[in-house]
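all I have is the shape, not the residue letters:
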C-alpha cells in the first residue's frame, strides 16, 4: 500500500511539473516600428525559441497605435519609443505603461535637403522638425548644439519652437509628422530626423550634417525601450525577452547591421 501511495505521489509530482513547464511557454506579441525595432526583434525570434517562447511581431507605422494596442491588451509589449515620449503619452492618454529595459539608442541627425551644408544656410531657410513634443525638443537641442539657434534657459526636453529666444538666420521652423520628414527633404533646407525614420528612408548617420554626440543629454535620455503594462513587469516570458534583447547576440547583430546608426544601450 505504501509503495502504491509513493508511486501515485511521484506520478502526481511529475504531472504537476509537466503542467508547470508547459505553462511557462508563451507567445509574446510585441508591437514595433519596422526599422530598426522589428528587424532587431526578428533576430531575437530564435533566441526566444531557445528559451521556450514564441515571439510574434506586429509592425506599426506610427507612434500612437502601438501604445493604444498595448494598453488595450492586444499586445504583451511594444518596442518603438523612448522614455520621454512614453511619459508624455501616459500623461496625455491616461495610460499606465512602463519601461522594463533600455535596448538601444539611435543618434538623431541633421540631414540635407536643398541646402547641403550647415554653413551654407541662408536667412529664412526652412527647417523641418518632428511635430511631437519630445522629438521636437530633441531636434531643437541638436540645432542649438550646432549654433543655429538658442533656446530659453531650462526649456530642455520640453522645448518647442516657442522657446527659441535667438534665431540669427531667422530660420523658419516647420513642424512635420516624424514619419514624413525624409519625404519632406526635397522641399526644405535641412531636417533633424529620428534615427529609425532616417534608416527607413535610406539615410545614413555618417552622411548627416551633424549628429548627437555620445555624451549629449539625448544619448542618456532617448534610449529606445521595451514597454509593458504596469503590473506585467514580472512575467517570466517578458523577463526572457529582456535577457535576449540585452544579450551579446543581439548587441552583435545591432553593431554589425547598423554600423553606428543604432547603438546598443548599456
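Nice, I can see it. No experiment lies behind these values; they were computed from the predicted model shown.

going forward, measure contacts between C-alpha atoms and count neighbours the same way
OK.

pretty sure residue 70 contacts residue 228?
Yes: using Cα atoms under 8 Å, residue 70 is in contact with residue 228, at 7.2 Å.

neighbour-wise, which of those two wins?
residue 228 (25 against 22; other Cα atoms under 10 Å).

residues near residue 237, how many?
Residue 237: 22 neighbours (other Cα under 10 Å).

er, residue 226 actually
Neighbours of residue 226 under the rule other Cα under 10 Å: 27.

next, it: secondary structure please.
Under DSSP: H, G, I helix; E, B strand; the rest coil, residue 226 falls in the strand class.

endpoint to endpoint, stretch 105-121 covers what distance?
29 Å (Cα to Cα, to the nearest Å).

what does that stretch contact?
Stretch 105-121 has contacts (Cα atoms under 8 Å, 6 or more residues apart in numbering) with 138-139, 142, 185-196, 205, 207-213, 219, 222-224, 261-265.

list the strands paired with the helix or strand that residue 100 is a member of, with their directions.
In the assignment (DSSP states H and E), residue 100 maps to strand 97-105. Applying DSSP bridges, strand 97-105 is found paired with strand 224-229 (antiparallel), strand 263-264 (antiparallel).

state the mean pLDDT of the last one.
By that I understand strand 263-264. For strand 263-264, mean pLDDT is 90.

with stretch 119-137 instead?
On average, stretch 119-137 scores 94.

name the residues of it that are buried.
121, 125-132, 134-137 (16 or more other Cα atoms under 10 Å).

picking up where we left off before, quick one: buried residues of the strand holding residue 100?
Neighbour count says strand 97-105 has 97-105 buried, by 16+ other Cα under 10 Å.

just send those back as CSV, with pLDDT too.
Conversion of the buried residues of strand 97-105 to CSV gives the following (pLDDT from 0 to 100):
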residue, pLDDT
97, 98
98, 98
99, 98
100, 98
101, 97
102, 95
103, 96
104, 95
105, 90
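
the residues you listed into CSV, with extra columns for distance to residue 62?
Shown next, in CSV, are the buried residues of strand 97-105 (distance: Cα to Cα, whole Å):
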residue, distance to residue 62
97, 17
98, 19
99, 19
100, 21
101, 21
102, 20
103, 19
104, 19
105, 19
